[in-house]
Each structure stands twice: as structure tokens, then as C-alpha cells.
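K.L.:
requesting a structural model of the entry that follows:
(chains A and B)
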Amino acid sequence: MSGQGQVSFRNIVKMHGEFAALKGVNFEIKPGEFFALLGPSGSGKSTTLRILAGLDAPTAGRVLIDDKDVTSTDARDRDIAMVFQSYALYPHMTVAENIAFPLEMAKLPKAQIAPAVKDAARKVKIDHLLDRRPGQLSGGQQQRCALARAIVRKARLFLLDEPLSNLDAKLRLETRAELKKLQRSLGVTAVYVTHDQEEAMTLADRMAVFMSGEIQQVGTPAEVFARPNSVDIAGFIGNPPMNLVPARYVNGDVIIAGHRLKTATTMAGERDVVVGLRPGALRMVEGGLGARVDLIEDLGDTAVLDLDCAGTMIRMRVADGNIPGEGDTISITARPQDIHLFDPTTRMRL
Amino acid sequence: MTSSAVTSAGIASDAPRSDFGRVLEQRERRFAAALLAPAFLALLATTTFPLIFLVYTSTFRMDLAMPFTNGFVGFENYQVLLSDERFWSSLLVSLVYTGSTVAFQVVIGLALALLVMDMKRGQGWFRIIAILPVVLSPAVVGMIWRTFMLAPEFGIIDYLAINAGLGSKNWLGDPTLAMVSVIAIHTWQWTPFAFMVLLASLASLPEDIYEAARLDRASAWQRFRRITLPLLRPAIVMVIIMRTMVALTAFAAIFTVTGGGPGTATEILNLYAYRKSFTELSIGYGSALAVALLIVTIIISGILFAMRRAK
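P.N.:
Okay, the predicted model is just below:
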């Protein structure tokens, strides 16, 4: 490996005419880390990855890799390998030729290329397909071929642009686990772009959550899940995502649909807030917030209930065996530490 | 009408599925043949028949200047042809003309396509302007070049040559320069065709594989050699085949510019056959020359199509 793969983005701005795709993005990636760029489509995560790869130039700001300014360095000189969402395999080359291509470009002797190609193909389990062309491969096999081409060179940075989005659900889960193992065994820094919060949560050591051209939060998946920074992140992370309910805050309590809930906040005074409640953090109790069960989505081991609390929709996750019937009236509550408060105007965490 | 009849017959006879399918297929084939027949007959009458008549004519001595010598001669015309120096020289001129014009068209067309591909603005205008020579009649192109471009002293090319210090040249009078001129004229007129075809296939190549190649550390030249060229290969071979066939049978531009001259310097096989038939009025021998050109064209296109299939 020619470097450790430490990345730092300093105030990166990217304009497309009048439109700001990135509005000053800052983050650091540590060597060996699996770092996810998570966000809805159009939030700037792919643009960020392309700027890191050197495929696009930022309008302003600096990109540092291993403490060296590479902002104006061409993609070919950055020592970065990338797996494209479309896989971008060379259609006229066989799998073996595709994997060998980066090594040939690096002018490696032929005697070294063949074993390296075999080795990379074996790591992603396509060593029996080396003579095929991309057109003769299934989507999953193409994806593995693209992976092999990226890992064969042992670049210092390994970029993945939604690599699993074109696979079917079952294959996606399998590949996800393999990807993580592969990254661990190679010890390489990986930057992973995804709009799927579950992928980011399961794969990443740390992640940056993008919302409309800005990073709203950087942290471990657990941190982001436990303490989302803004209403937007709260509504994006988790499946189903957090309930966000406008409410009134009065001296440590919030009032939802006329019912008082104790919070962990000690702030004095009275104000409007947005209350965040994870569906899984809600519990049924006597004398809680009254709610009617509108709809039950049974997922087998758990169920998601759509509740109507005096006109406010709240979703709640309950374990199997504890499911009320549709149309029943139940009473729910949440522990003070499970109640998240956000400012309704700035949309940030209070 | 037919489909319902077939269906009921199929059910009534309780025939196995494969039989039913075969009946259907047969009917469809007959119907298709009926639809094709008029076009097929028209082609037969307008291309195959004249061709056979040409071959038939080539076995006769048919001299309009000396009709009393006319008669069946078998392969005599071909024996004469094989020892006819003017035939061999015109064949050579044809091959040089075809080889060089096709090579120039592909190389210049590809270079232009690669350049225009990177143009951010004005691509549409460039395409419209580039297509103009193609829509002109080759005879008109020949006249334009003979008068506006190559005329000594007044032609644009000659004017440029004088100003470049090369002096006035006899562009169409000097044997070598005349050949260069007719090659340049054909290349000028038909390069836009290669350019358009190659530009279209270039535009259809996916952008992401170029990005992948950049990340794989391929230089611009390596990207061209290893990715663009192999992916364009089918289009390039197609352009070569189409342009070769046209160049082998080119006529109007050379006819209007040099008429094959000076002497026989630009006399391609096609032109020789024309001169023989309609200037010297030796129809039989002219037909033999035309058949020879046909054979040459078939051999060359056979080789090109084999090239296309290979790999």
C-alpha cells in the first residue's frame, strides 16, 4: 500500500451554475476506516465522492489525502480505486482482462499480473468466470468483477458508489456482509456512498449524513441513531424513522395531544418544539397517551402500529405476542431519555 | 380470417401443439413470401438481369465503330484484358485511390469526431456544416474543385500555394498532382460521412468506463488505444466497408475534374470501362472490364466482411 488513506475535506463547495451542490463540506476520515456518506438522492454525497476521486473539481475548498493537497491532482495520480454504481466494466474485455487492466496500466510485469488477478477473483468468488465478458455475467457477478478490479491494485483508498443498489434484496444482504469482511481483511480505507440508511448503519465505522448539500452530522452509526442532530436526520434514520410531533414544551415536560410526558431536559420556560420519538422506544402503559390503532403492519417477529393520538399520527414498533387489534384504544408512553427535542424553526436538536 | 380458421382447425383435429405450430409457421412463411415478391421481382429486373446481361455481353465482340466484326468470342475479351497494360494500370489507380481515400476518411473522420466530442458548445452547428459536402452531387463537387479551388492563379488552393511560396502548380495537369487532387476531392466530400457515423458511436459509449479507466491510471492515449478504439471497431469496419465500395465505383467527381487524365494518370477501372464502352464504343470489352471491377469489388468486400466477423 502506497499510503494509509487518510482523507480530509476542507470547506468544499461545488456549484453547478447557480445551484450549490455542496455548500462547504468538512470531514475527516481516519486510515483503515469504513466511512459512509449517507443521504437522500440529490443531497451531494455522490458529488463528494466524485470530488474525492478526482473525477470532478470542487469550486472552492481543499481535498487532502494523507496530508497532501490533492485538490488539483488528476484522478489517475491519486491512487484511488472505485466501484461504480453501474460497475463501469470494460465491455470488450473478459473478466480477467478487466481485473488486469489497472495492473497493466501500472506497468506490472506480466508474470505478476496473472496470479494477482486470480487472487483478487478468488477473494470475491468469481475465479470460475475469468474468461467471460461482462455481458455474459449476472448483475451480482458484474458487481463482484468491479470489486475485484478495485481491490487488485491495493490502492490507498477504496471508493464505493452505491455498489449494492442494483442487486436484488437477498443478494444485497449477502454482499453487504462480505463487503465488510473484505474491507476488514484488506485493512484499506473505504468510503461508501449510499442512500440506504440500513446499509450505512450496518457497514460503516463512522458516517456523514448529507442533507441538501451539507453535512448535518458525522459520527458512528450508534451515535447518529441515538442522538440525531436535526429533524431531517431524525426523519431519515431508522426503519421506520422517528416520529416527529409538534408539541409544547413546559418546564421539562412536553404536551402531546393534551398529555404530559416527562423529558430529560431541565431547560426552564415554555416554547414550541418538535418531539422525536423512536417507534421502538414507545411502550404501552396504563394511563399514558391515549391512541387508537389504525393499522397493523405485521413483520413476523415485530409489528408496526399506526396510531392516531387525537389527530396526530404516531408509529410504534411492538414485539410479537403483544399486538393489540386494529381499532383498539391503547395508552402509550416513552422514557424521558427517549424523548428527543428539536427546534421547530432551526430544525436543530435542542 | 386466417388466424381464426387455423385455430378452429387446430382444435377440431385435436392436433398436437407442434403440428399446429408448424401449420401456422408455414402459413406465415407463405404470406411473408407473398409480401416480399414484388420487391424481389423489381430487384431481379433492375439489378440481377442487367448484371447477367453484362456478363453475357462481355462474351461478345461488340464494336459499334466496326459492327461487321461483331460476334460471339467466348473468353477472348478476358484474355485480352489480362494482357492489357492499361487495365492493370487502371486497377492499380483504383486500388491506390480507394485505399488512400478510405484511409484518409477514417483517420480524419475519427480525429474530427474525437475533437468535436469534447466541444461543449456548437456541436450541432458543426454537424450541419460538416454534412454539406455529402449532400452535394459528386459532379457538382468536381466542378467546384476544378474551377474555384484548383484553377491556376485564380483557384483558392493555387492562390494559397502561391502565397505559401510554393508557386503556382498545375494541379490537374501534372500526373502526380492530379492523383493527389482527385484523392483530396473525394476525401473532402466523404470524410463528413465517416465523421458523422463515428461521432454517433462515440457518443453512445458510456462515460463511466472512461472515468473507471482514469482511476485505473490509464493515460489519454491508453484510454484511446485500449477502450475507444476496440469499442469503435464495429463502426470503423462498417465505415471502411461502405466507403470502400463507393470509392471503388467512384466516377462522377473524377470524370468532371480530370476525365481520367492527364493521360491515364487518374483513370480508375470504372472510368476505363466507361471510356472503352462509350468513347471507343467497344461495348463487349467494356463489359468485360466492368465484370472485372465487379469481381475485384466482391473480393475486397469479402475480405472486409471476413475482417468484420473475426473476433
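K.L.:
got the phi and psi for A:Leu307?
P.N.:
As for A:Leu307, its main-chain torsions (degrees, to the nearest 10) stand at phi -110, psi 150.
K.L.:
please apply the same query to A:Arg317.
P.N.:
Dihedral angles (degrees, to the nearest 10) for A:Arg317: phi -100, psi 130.
K.L.:
could you measure from it over to A:Asn239?
P.N.:
Distance, A:Arg317 to A:Asn239, using CB to CB, to the nearest Å: 9 Å. In short, each C-beta sits where N, CA and C put it, glycine included.
K.L.:
list the contacts of the residue of chain A positioned farthest from its centre.
P.N.:
The C-alpha centroid of chain A is most remote from A:Ala111, which lies 39.9 Å away (CA atoms, centre = their mean). Contact analysis of A:Ala111 by CB atoms under 8 Å, 6 or more residues apart in numbering or on different chains lists nothing.
K.L.:
okay, buried residues for the lengthiest helix in chain B please.
P.N.:
Longest helix in chain B, counting residues (DSSP state H): helix B:85-117. Neighbour-count burial for helix B:85-117 flags B:87, B:89-91, B:93-95, B:97-98, B:100-102, B:104-106, B:108-110, B:112-113, B:116 (criterion: 16 or more other CB atoms under 10 Å in any protein chain shown).
K.L.:
rounded mean pLDDT for it, please.
P.N.:
For helix B:85-117, the mean per-residue pLDDT is 93.
K.L.:
so the residue in the stretch 1-150 of chain B positioned nearest to chain A is in which element?
P.N.:
In the stretch 1-150 of chain B, the residue that lies nearest chain A is B:Lys120 (13.3 Å; CB to the nearest CB). Take DSSP states H and E as the rule and B:Lys120 turns out to sit in neither a helix nor a strand.
K.L.:
ditto for A:Arg172
P.N.:
Using DSSP H and E, A:Arg172 falls in helix A:169-186.
K.L.:
try A:Ile296
P.N.:
Using DSSP H and E, A:Ile296 maps to strand A:282-298.
K.L.:
count the neighbours of A:Ala264 for me.
P.N.:
For A:Ala264, the neighbour count with other CB atoms under 10 Å in any protein chain shown is 12.
K.L.:
one more: B:Leu177?
P.N.:
Neighbour count for B:Leu177, taken as other CB under 10 Å: 17.
K.L.:
per-residue pLDDT of it, please?
P.N.:
89.
K.L.:
contact partners for the closest residue to B:Thr256 other than its chain neighbours?
P.N.:
Excluding the flanking residues, the one nearest B:Thr256 by CB to CB, 6 or more residues apart in numbering or on different chains is B:Gly142, at 3.2 Å. For B:Gly142, the contacting residues are B:185, B:252-257, by CB under 8 Å, 6+ apart.
K.L.:
mind checking how far B:Gly142 is from B:Leu231?
P.N.:
According to CB to CB, B:Gly142 and B:Leu231 sit 36 Å apart.
K.L.:
can you give me the distance of the residue farthest from the centre of chain A to chain B?
P.N.:
With distances taken as CB to the nearest CB, to the nearest Å, A:Ala111 is found 20 Å from chain B.
K.L.:
go on, A:Lys123?
P.N.:
18 Å.
K.L.:
need the pLDDT of B:Ala164.
P.N.:
88.
K.L.:
hmm, I typed the wrong one, I wanted A:Ser2.
P.N.:
At A:Ser2, pLDDT is 45.
K.L.:
residues contacting the closest residue in space to A:Thr333 that isn't next to it in sequence?
P.N.:
Of all residues not flanking A:Thr333 in the chain, A:Gly288 sits nearest, at 3.7 Å (CB to CB, 6+ apart). Shown in contact with A:Gly288 (CB under 8 Å, 6+ apart): A:259, A:331-333.
K.L.:
redo that, cut-off 10 Å
P.N.:
By CB atoms under 10 Å, 6 or more residues apart in numbering or on different chains, the residues touching A:Gly288 are A:259, A:261, A:282, A:330-334.
K.L.:
restricting to C-alpha, output the host helix or strand of the residue nearest to B:Thr256 in CSV.
P.N.:
Using DSSP H and E, B:Gly142 falls within helix B:138-144. C-alpha atoms of helix B:138-144 as CSV (Å, rounded to 0.1, in the frame of the first residue of the first chain):
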residue,chain,number,x,y,z
PRO,B,138,-20.2,14.5,-56.9
ALA,B,139,-20.3,16.0,-60.3
VAL,B,140,-21.0,19.4,-58.7
VAL,B,141,-18.2,18.9,-56.3
GLY,B,142,-15.9,18.1,-59.2
MET,B,143,-16.9,21.3,-61.0
ILE,B,144,-16.4,23.4,-57.8
